[in-house]
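K.L.:
Need coordinates for the below:
(4 chains)
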2 protein chains.
Amino acid sequence: MSKSNRISMSVIRRLPRYYRFLSELNEQNIDRISSTKLAQIMNVTASQVRQDLNCFGGFGQQGYGYSVSQLKDEIKNILGLNNDYKAILIGAGNLGKAVAMHMNFDTLGFELTACFDNNERKIGQQINNITVRDEAELEDFCSQNHVDTAFLCIPRVCVENVLDKLYSLGIRNYWNFSHYDINARYNDTLVENVHLSDNLMTLCYRMNNNN
Amino acid sequence: MSKSNRISMSVIRRLPRYYRFLSELNEQNIDRISSTKLAQIMNVTASQVRQDLNCFGGFGQQGYGYSVSQLKDEIKNILGLNNDYKAILIGAGNLGKAVAMHMNFDTLGFELTACFDNNERKIGQQINNITVRDEAELEDFCSQNHVDTAFLCIPRVCVENVLDKLYSLGIRNYWNFSHYDINARYNDTLVENVHLSDNLMTLCYRMNNNN
DNA sequence: TAAAGATTGTTATATAATTAACATAGTTAT
DNA sequence: ATAACTATGTTAATTATATAACAATCTTTA
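P.N.:
Numbering: from 1, shown residues only, chains lettered A, B, ... in the order given. Below is the predicted model of the structure:
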């Protein structure tokens, strides 16, 4: 984390991609790579690779390149994937379940510690060793357990209500699958949005204009 | 679609957001809005709003602003949401199910016409009036029915195999939830990726550096 | 161990995206 | 009908991002 003046979002959003490709190379027991080679594989320019990496420090060596496993670990550290941020999931519908079952949170810096829903039929269900709790227990749980992040997998109309509660309980970080604009209501929050329908609309546009 | 020389991806990816906010305004029976007002609501600059919209034509009127419902419809047309692209879903696991049940495809320019899985237990299940078919039927189905797009909700290791088949059947548009790099294998394809873990890693980074 | 080759880190250049400025044209109020 | 506003469309300026260039330095080989 040597020279972190202020890293641009463009760079930050590329880091997971570097991490993925380096992990693959590592699994293939390739222990050395040049920016040119890595750029080819990732379909970017070598310049970009070198500039991106140099935002965080000189991990390479002239005439040699980069050590795959070292670089992978560096990026893992930069991303902070060794963290153990406590997360709760709000909404145990299809999307919530998919998210809970599909992701390896422990390799992503998180631990899913609880799951809440307000639907009678969902409460009590098991998802990956976690029992779905009644949303009414949210306040109790959050005051008794440290919670860093909330994953919101509930319909847009339900968000405001839940968000106000979560915010009042001190939660400031959100992984948001709804279309509710969290930052507009609380601007001291940190939000990553997953707008699936936006993504699909973009595909639609591109299919129409084929580009 | 008047002055569509070449629209930048930055602009294209903002269109769904405009569409969402305009739809909201429309539901609130607000029939008129200025770029300044819209920009405030969306937390962007008025310049950007005007510039973005003017990529596609002069939808506003000096001294008045924009008609909300007209502008909404224009953007809907630009995005091509009136289309009826035939889509198939590959993978009826949690993620695939979530996607199938959660999205209103008809409002997004698509129609989900079939769903495939290679897991015995999944085959025959019903998802939103669609029966999960055996992946072995994929070839038959695609030759008997027109298919525009495939939604890939299968593990990375399974993609290559399925992709080769889909490509050979003429499918060139993909909504990809796996980490397989489709464009690297077939560069004449149109791909929108949903990389959930990349997104979560980004959140992790931002929590660490709180920005 | 010295010369040739490779590849980084970094600075300079080019391109893209965003924001600002403003003349033009329509709206509103009197 | 006219004057005072309002807000667009568009061009200009600024800022951000991506690419290219290259000197510095480590590696490899003979």
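K.L.:
make it CA atoms for all contacts and neighbour counts henceforth
P.N.:
Noted.
K.L.:
quick one, which residue of chain A lies the farthest from its center?
P.N.:
Going by Cα atoms, centre = their mean, the residue of chain A most distant from its centre is residue A:63, 34.9 Å out.
K.L.:
three-state assignment of that one?
P.N.:
Three-state assignment for residue A:63 (DSSP: H, G, I helix; E, B strand; the rest coil): coil.
K.L.:
And it, how far from DNA strand C?
P.N.:
Distance, residue A:63 to DNA strand C, using Cα to the nearest atom of the strand, to the nearest Å: 3 Å.
K.L.:
do residue A:7 as well
P.N.:
14 Å.
K.L.:
OK, contacts around that residue?
P.N.:
residue A:55 (Cα atoms under 8 Å, 6 or more residues apart in numbering or on different chains).
K.L.:
Next, give phi and psi for it.
P.N.:
phi -90, psi 130 (degrees, to the nearest 10).
K.L.:
Same question for residue A:136.
P.N.:
Torsion angles, degrees, to the nearest 10, at residue A:136: phi -60, psi -20.
K.L.:
for residue A:190, same thing?
P.N.:
Here residue A:190 shows phi and psi, under degrees, to the nearest 10, equal to phi -110, psi 120.
K.L.:
Setting aside sequence neighbours, what's the nearest residue to it?
P.N.:
In this structure, residue A:190 finds its nearest non-sequential neighbour in residue A:173, 4.8 Å apart by Cα to Cα, 6 or more residues apart in numbering or on different chains.
K.L.:
Around the one you found, count how many other residues there are.
P.N.:
Residues contacting residue A:173 under the criterion other Cα atoms under 10 Å in any protein chain shown number 24.
K.L.:
quick one, domains of chain A?
P.N.:
Here the domain parsing of chain A from automatic domain parsing is A:9-79, A:85-199.
K.L.:
what would these look like in TSV with mean pLDDT?
P.N.:
Listed next are the domains of chain A as TSV, based on pLDDT from 0 to 100:
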stretch	mean pLDDT
domain A:9-79	97
domain A:85-199	97
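K.L.:
Turn these into JSON lines, columns for distance to residue B:201.
P.N.:
Output for these, formatted as JSON lines (distance: least, Cα to Cα, whole Å):
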{"stretch": "domain A:9-79", "distance to residue B:201": "6"}
{"stretch": "domain A:85-199", "distance to residue B:201": "6"}
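K.L.:
separation between the residue nearest to residue A:190 and residue A:203?
P.N.:
From residue A:173 across to residue A:203, the span is 29 Å (Cα to Cα, to the nearest Å).
K.L.:
Just give me the longest strand of chain A.
P.N.:
Longest strand of chain A, by residue count under DSSP state E: strand A:110-117.
K.L.:
end to end, how far does stretch A:175-193 reach?
P.N.:
Using Cα to Cα, the end-to-end distance of stretch A:175-193 comes to 6 Å.
K.L.:
how about the CA coordinates for the longest strand of chain A, as CSV?
P.N.:
Output of strand A:110-117 as CSV, limited to C-alpha atoms (Å, rounded to 0.1, in the frame of the first residue of the first chain):
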residue,chain,number,x,y,z
PHE,A,110,-16.5,-11.2,4.0
GLU,A,111,-18.4,-13.6,6.3
LEU,A,112,-22.1,-14.0,6.0
THR,A,113,-23.3,-14.1,9.6
ALA,A,114,-27.1,-13.8,9.3
CYS,A,115,-30.0,-13.6,7.0
PHE,A,116,-33.3,-11.8,7.4
ASP,A,117,-36.7,-11.9,5.7
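K.L.:
Distance from it to the middle of the chain?
P.N.:
Using Cα atoms, centre = their mean, to the nearest Å, the mean C-alpha position of strand A:110-117 is found 15 Å from that of the whole chain.
K.L.:
quick one: the strands in chain A?
P.N.:
Using DSSP E, strands in chain A cover A:32-33, A:66-67, A:85-90, A:110-117, A:126-127, A:130-134, A:149-152, A:173-176, A:190-193.
K.L.:
Got phi/psi on the residue farthest from the centre of chain A?
P.N.:
According to degrees, to the nearest 10, residue A:63 has phi 80, psi -10.
K.L.:
Also residue A:128?
P.N.:
Per degrees, to the nearest 10, the backbone of residue A:128 is at phi 50, psi 50.
K.L.:
Can you get me a residue count around it?
P.N.:
11.
K.L.:
what residues are up against it?
P.N.:
Per Cα under 8 Å, 6+ apart, neighbours of residue A:128: A:100-101.
K.L.:
measure it to residue B:100 for me?
P.N.:
Counting by Cα to Cα - residue A:128 and residue B:100 are separated by 22 Å.
K.L.:
swap in residue A:70?
P.N.:
40 Å.
K.L.:
Can you list the residue ranges for helices in chain A?
P.N.:
Counting by DSSP state H, the segments of chain A that form helices are A:9-27, A:35-42, A:46-54, A:68-79, A:94-102, A:138-144, A:156-168, A:182-185, A:196-208.
K.L.:
Format these as TSV; extra columns: distance to residue B:96 and mean neighbour count.
P.N.:
TSV is the format used below for the helices of chain A (distance: least, Cα to Cα, whole Å; neighbours: other Cα atoms under 10 Å in any protein chain shown):
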stretch	distance to residue B:96	mean neighbour count
helix A:9-27	22	17
helix A:35-42	27	16
helix A:46-54	34	16
helix A:68-79	28	19
helix A:94-102	8	20
helix A:138-144	29	14
helix A:156-168	21	15
helix A:182-185	26	14
helix A:196-208	13	21
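K.L.:
In JSON lines: those, plus distance to residue B:104.
P.N.:
Putting the helices of chain A into JSON lines (distance: least, Cα to Cα, whole Å) gives the following:
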{"stretch": "helix A:9-27", "distance to residue B:104": "28"}
{"stretch": "helix A:35-42", "distance to residue B:104": "33"}
{"stretch": "helix A:46-54", "distance to residue B:104": "38"}
{"stretch": "helix A:68-79", "distance to residue B:104": "34"}
{"stretch": "helix A:94-102", "distance to residue B:104": "14"}
{"stretch": "helix A:138-144", "distance to residue B:104": "30"}
{"stretch": "helix A:156-168", "distance to residue B:104": "14"}
{"stretch": "helix A:182-185", "distance to residue B:104": "22"}
{"stretch": "helix A:196-208", "distance to residue B:104": "8"}
